[in-house]
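Visitor: How does the following fold in three dimensions:
(one chain, ligands or ions: 1)
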Amino acid sequence: MAPFVQTVLGPVDPASLGRVLHHEHLTSLVPGPWLSGSRTTSTSDPRDGDQIAQAVTAVSGLKNLGFDTVVDLSPYSVVGRSAWGENVTLLQEISRQSGVHVVAGSSVYLEPYSPSWALDSTLDEMTDRFIRDVTAGIGTTEVRAGILGEQATGLNEITDHEQKCLRASARASRATGTSLITHTTHGTMALEQVAILREEGADLSRVVIGHMDIQPELDYVQRVLDTGVNIAFDTIGKQYWDFVLEPPPTEPAEGEFDKRAYFRADRSRAERLALLASRGYADQLFVSQDLTGAEVYLNTQTHGQFGYNYLAAVFMPMAAEFGLSPTDAERMLRSNPIRLLAQGNAA
Ligand SMILES: [Zn+2]
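Guide: Residues are numbered from 1 along each chain as shown. Take a look at the predicted model:
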């Protein structure tokens, strides 16, 4: 079978992908001034709250920066994807109107955010669901997933449900040859994820462990790389965020409440990325922004100002200042994600 990449509009030639944003959420965007900077093609007003118009506007600056592909890794019931996944068809319209390839992921997020059907599913049922997402269509649609993920585990723990879903994703990956991207919470439990995936016989070269740019210990990040998996610096531009482990109650008590906030400077991400590349890991490194609604307001200097253009226009030049070579940068933006998304290779 000739190699292909499964987009929401059908299979395409891997050579047509260009640069790739491999971890995004196109239907969770929010209106705001950040959209105006990249606004060139949309005729509808993105401030009207229309998900399609916002996404089309948001990606409209990408082609000038060499990106022809965005991967939407929204799990069932989270960051814009509905509980049964039927609104994945929005991604088809976003792709048609923008001319950008969109690849849809399929996954289940942290236990507190999981839809009840997933909580009630057995390992075999969950595996069948993910396999059908790849071979027949996500949920009730005929939109096929081109990748599995972001498959999530919690902060310093993996619940039984999360382990079930991770194993199911690994089994579906084996059965279909589709790659798998994970979500770690702050880079914790990455080695445990690898151990589970290895137990399931997953091809570790087809696995990306996500959110490793927020793991505080660089030695730990390197130990994860040494297992043979890929890792992602995929929250670039998200320097500030509120830390919410569970969805807020629908009717909170009035008055003051506690929340946790987090900061990671992009300069330290850039420095680490260049350092890891110089140590020979460039083929295992992936970059993206994980741009969602809330962080736009929390990160006015990055996402809030540049939107999807931030990675290539601001961050990669910053990494170059720390010594990242143009060749290694292009690996992260182009050849690594294309290798991950391509299916049907003879190998
Ligand atoms: Zn994400």
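Visitor: surely residue 261 meets residue 240?
Guide: Yes. With contact defined as Cβ atoms under 8 Å, residue 261 counts as touching residue 240 (6.6 Å). Quick note: C-beta positions are derived from backbone N, CA and C, even for glycine.
Visitor: These two - which one has more neighbours?
Guide: Counted by other Cβ atoms under 10 Å, residue 261 and residue 240 do not tie: residue 240 has more neighbours, with 16 against 9.
Visitor: Kindly provide the distance from the nearest residue to that one once chain neighbours are set aside to residue 241.
Guide: Spatial nearest neighbour of residue 240, excluding adjacent residues (Cβ to Cβ, 6 or more residues apart in numbering): residue 298 at 4.5 Å. Distance, residue 298 to residue 241, by Cβ to Cβ, to the nearest Å: 6 Å.
Visitor: Same check on residue 209?
Guide: Taken as Cβ to Cβ, the span from residue 209 to residue 241 is 19 Å.
Visitor: Settle it for me: which of those two has more neighbours?
Guide: residue 209 (29 against 19).
Visitor: per-residue pLDDT, the more buried one?
Guide: With respect to pLDDT, residue 209 scores 98.
Visitor: Quick one: end-to-end distance for stretch 332-342.
Guide: Chord length of stretch 332-342, first to last residue, is 15 Å (Cα to Cα, to the nearest Å).
Visitor: repeat for stretch 50-66
Guide: Termini of stretch 50-66 sit 26 Å apart (Cα to Cα).
Visitor: From the chain's centroid, how far away is that stretch?
Guide: Its chain's C-alpha centre and that of stretch 50-66 lie 17 Å apart, by Cα atoms, centre = their mean, to the nearest Å.
Visitor: how about that stretch: buried residues?
Guide: 51-63, 65 (16 or more other Cβ atoms under 10 Å).
Visitor: so where do the helices sit in the stretch 101-250 of the chain?
Guide: Using DSSP state H, counting those that start in this stretch, the helices of the stretch 101-250 of the chain run over residues 116-120, 123-135, 160-176, 190-199, 218-225.
Visitor: Just say which of the ones you listed is most tucked in.
Guide: helix 160-176 (a mean of 22; mean count of other Cβ atoms under 10 Å).
Visitor: the inter-axis angle of that one versus helix 190-199?
Guide: 50 degrees (axes from the mean of the first three to the mean of the last three Cα atoms, to 10 degrees).
Visitor: what residue ranges in the protein are flagged as low confidence?
Guide: Scanning the chain for pLDDT under 70 picks out the ranges 36-49, 345-347.
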